[in-house]
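Chemist: Sequence and predicted model, in that order:
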Amino acid sequence: MLINSEKIPIKIWADDVEDSAMEQVKNLANFPFAFHHVAIMPDVHTGFGMPIGGILATEKVVIPNAVGVDIGCGMCVIKTPLKTKDLSIDLLKKIFANIRQTIPVGFKKHKTAITPKGVPRNIFQKKMFTKGKNKIINQELNSAEYQLGTLGGGNHFIEFQKDEKKNIWIMVHSGSRNLGFQVAKYYNDLAKKLNKNYEIKIPEKWDLNYLFIDSKEGKDYLGEMNYCVDFAYENRKLIIELVIEVLIDVLKKNKIKLLKKDFSKLINVAHNYARVENHFGKKVIIHRKGATSAKKNELGIIPGSQGSASYIVKGKGNKESFNSCSHGVGRKMSRTGARENLNLEEEKNKLDKLGIIHGIRNQKDLDEASGAYKDINEVMKNQKDLIEIVEKLTPIGVIKG
């Protein structure tokens, strides 16, 4: 779908876009520093300022709300040496019970700071981080150490899946936890304050406050944002490592030997960030909010809901999407709408019939029921010019944040 009614074109890979999200899309297309066109993915839905499932290229400025509050949120997946025949339902339930005891979910965090085995304790002291710089990182770092290796809430998950050859995979969706939220909030508030003095003003109701990338504030934001992207990756990596340790331990007690060297290489992708890229002959800031990089032959991960398939994909490098694809299946109902309109028993039965171990127990869990999400088959069909499928993975059990 192509829309030419705004300042720059809008290219949409979705069959329909809810009114509130479309309003945000048009705001992006009329943003003074927007470049070339706006790209909207098939999982698009309303976000804060910028819709989730959008890609925005800008010149000279970065927009904190076009990255979002869960900076660096993303996916990782790893193939285990196990087959479906190796995991009975009872054994899988035992594994899940141990994972829940090992990995905090929701607002919970570890009681003692941990890091992956073999990783130095100065994991946080990367080249980009020096004492006295990165104000919010310094402020939140002590607390963040206890959040490394935690799942968080909302749509974050740990899922055991099977491919079409009955191999077992582990997929994790998580982000930068409170660290990213605090960085996003601070710099959006700062941009809001600074924008009042900028010559080029935007409507306050757009919630697209910006920072010039050559300003101190813009450089500080990009530095702290990149730190959060790294933190989110280390978080997912540690969650995977902790899950593998649980898996090895439980299976050992059941006389099944499992070695870490037999697991595949980890695939990792982020879907909330901004970075400098070259597109249409210019160096621009690409904001991907709920969108994944899909350069030519680049591996990506597109998860479904807990009742539908997920996909490992390979990018086609489509320049019209700024080399991007969807980050998931996308919501079709708000959390409140899901709780009010979905039937609890129907949603539970749907997953039970598929043999999926799930966490839907009461009405409040319906905000993450599969009925609250779009059809993954439609989402994949709508972006067949952006990616090709490498693996189709179907869920056998899921732990939700």
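Modeler: Good, I have the coordinates. In this text the structure is predicted, and so the values were computed from the model without any measurement. Residues are numbered from 1 along each chain as shown.
Chemist: Which strands or helices does whichever strand or helix holds Thr394 pack on?
Modeler: Assigned by DSSP states H and E, Thr394 belongs to strand 387-400. Contact here means 3 or more C-beta pairs under 8 Å, 6 or more residues apart in numbering; DSSP states H and E; on that basis strand 387-400 packs against helix 89-102, strand 157-162, strand 167-174, strand 299-302, strand 310-315. From N, CA and C alone the C-beta is placed, and that goes for glycine too.
Chemist: So for that strand, what gets flagged as buried?
Modeler: 387, 391-400 (16 or more other C-beta atoms under 10 Å).
Chemist: ok and that strand relative to helix 89-102, angle-wise?
Modeler: Orientation check (axes from the mean of the first three to the mean of the last three C-alpha atoms, to 10 degrees): strand 387-400 against helix 89-102 gives 80 degrees.
Chemist: quick revisit: and the helices and strands packed on strand 387-400 as JSON lines, adding distance to Lys350 and mean pLDDT?
Modeler: Output for these, formatted as JSON lines (distance: least, C-beta to C-beta, whole Å; pLDDT from 0 to 100):
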{"stretch": "helix 89-102", "distance to Lys350": "17", "mean pLDDT": "93"}
{"stretch": "strand 157-162", "distance to Lys350": "16", "mean pLDDT": "96"}
{"stretch": "strand 167-174", "distance to Lys350": "20", "mean pLDDT": "97"}
{"stretch": "strand 299-302", "distance to Lys350": "21", "mean pLDDT": "96"}
{"stretch": "strand 310-315", "distance to Lys350": "17", "mean pLDDT": "97"}
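Chemist: would you turn these into TSV with distance to Ala39 and mean neighbour count?
Modeler: Compiled in TSV, the helices and strands packed on strand 387-400 are given as follows (distance: least, C-beta to C-beta, whole Å; neighbours: other C-beta atoms under 10 Å):
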stretch	distance to Ala39	mean neighbour count
helix 89-102	37	15
strand 157-162	26	23
strand 167-174	22	24
strand 299-302	15	24
strand 310-315	14	22
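Chemist: of all the ones you listed, which lies closest to Ser264?
Modeler: strand 167-174 (8.5 Å; C-beta to C-beta).
Chemist: Dihedrals phi and psi, Gly337?
Modeler: phi -60, psi -40 (degrees, to the nearest 10).
Chemist: before we move on, back to that, format the CA atom coordinates belonging to the strand holding Thr394 as PDB.
Modeler: The C-alpha trace of strand 387-400 is given here as PDB (Å, rounded to 0.1, in the frame of the first residue of the first chain):
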ATOM      1  CA  ILE A 387      12.400 -12.000   3.800                       C
ATOM      2  CA  GLU A 388      12.500 -15.700   3.000                       C
ATOM      3  CA  ILE A 389      11.800 -18.500   5.500                       C
ATOM      4  CA  VAL A 390      14.800 -20.500   6.800                       C
ATOM      5  CA  GLU A 391      13.000 -22.500   9.600                       C
ATOM      6  CA  LYS A 392       9.400 -22.800  10.800                       C
ATOM      7  CA  LEU A 393       9.200 -23.300  14.600                       C
ATOM      8  CA  THR A 394       6.100 -24.300  16.400                       C
ATOM      9  CA  PRO A 395       5.700 -24.000  20.200                       C
ATOM     10  CA  ILE A 396       5.600 -26.900  22.600                       C
ATOM     11  CA  GLY A 397       5.800 -24.800  25.800                       C
ATOM     12  CA  VAL A 398       6.100 -21.200  26.800                       C
ATOM     13  CA  ILE A 399       6.900 -19.200  29.900                       C
ATOM     14  CA  LYS A 400       5.500 -15.600  29.700                       C
END
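Chemist: Could you count how many residues lie near the closest residue in space to Asn278 that isn't next to it in sequence?
Modeler: If the residues on either side of it in the chain are set aside, Asn278 comes closest to Val284, at 7.7 Å by C-beta to C-beta, 6 or more residues apart in numbering. Neighbours of Val284 under the rule other C-beta atoms under 10 Å: 22.
Chemist: what distance separates stretch 373-391 from the middle of the whole chain?
Modeler: Centroid separation between stretch 373-391 and its chain, computed with C-alpha atoms, centre = their mean, to the nearest Å, is 17 Å.
Chemist: What sits closest to the one residue sitting closest to the centre of the chain if chain neighbours are left out?
Modeler: With distances taken as C-alpha atoms, centre = their mean, Gly74 lies nearest the centre of the chain, 3.2 Å away. With sequence-adjacent residues excluded and distances taken as C-beta to C-beta, 6+ apart, Gly74 is closest to Ala270, at 3.7 Å.
Chemist: There's contact between that neighbour and Asn235 in this structure, I believe.
Modeler: No: Ala270 lies out of contact with Asn235 (C-beta atoms under 8 Å); the separation is 11.3 Å.
Chemist: With neighbour numbers in mind, choose between the two.
Modeler: Neighbour tally, Ala270 and Asn235, criterion other C-beta under 10 Å: the higher count belongs to Asn235, 29 against 24.
Chemist: quick one: contacts for the more buried one?
Modeler: 147-150, 174-177 (C-beta atoms under 8 Å, 6 or more residues apart in numbering).
Chemist: Give me the below-cutoff pLDDT ranges for the stretch 101-250 of the chain.
Modeler: For the stretch 101-250 of the chain, the stretches flagged by pLDDT under 70 are 114-133.
Chemist: ok and the helix ranked longest in the chain relative to strand 387-400, angle-wise?
Modeler: Ordering each helix of the chain by length in residues (DSSP state H) puts helix 216-253 first. With the same axes, to 10 degrees as the basis, helix 216-253 and strand 387-400 are set at 70 degrees to each other.
Chemist: one step back: what's across from the residue nearest to the centre of the chain in the sheet?
Modeler: Beta-bridge partners for Gly74, by DSSP bridges, are Ser174, Ala270.
Chemist: Please name the residues that touch it.
Modeler: Gly74 touches 173-175, 232-233, 236, 268-272, 292, 327, counting by C-beta under 8 Å, 6+ apart.
Chemist: 6 Å instead, please
Modeler: Counting by C-beta atoms under 6 Å, 6 or more residues apart in numbering, Gly74 touches 269-271.
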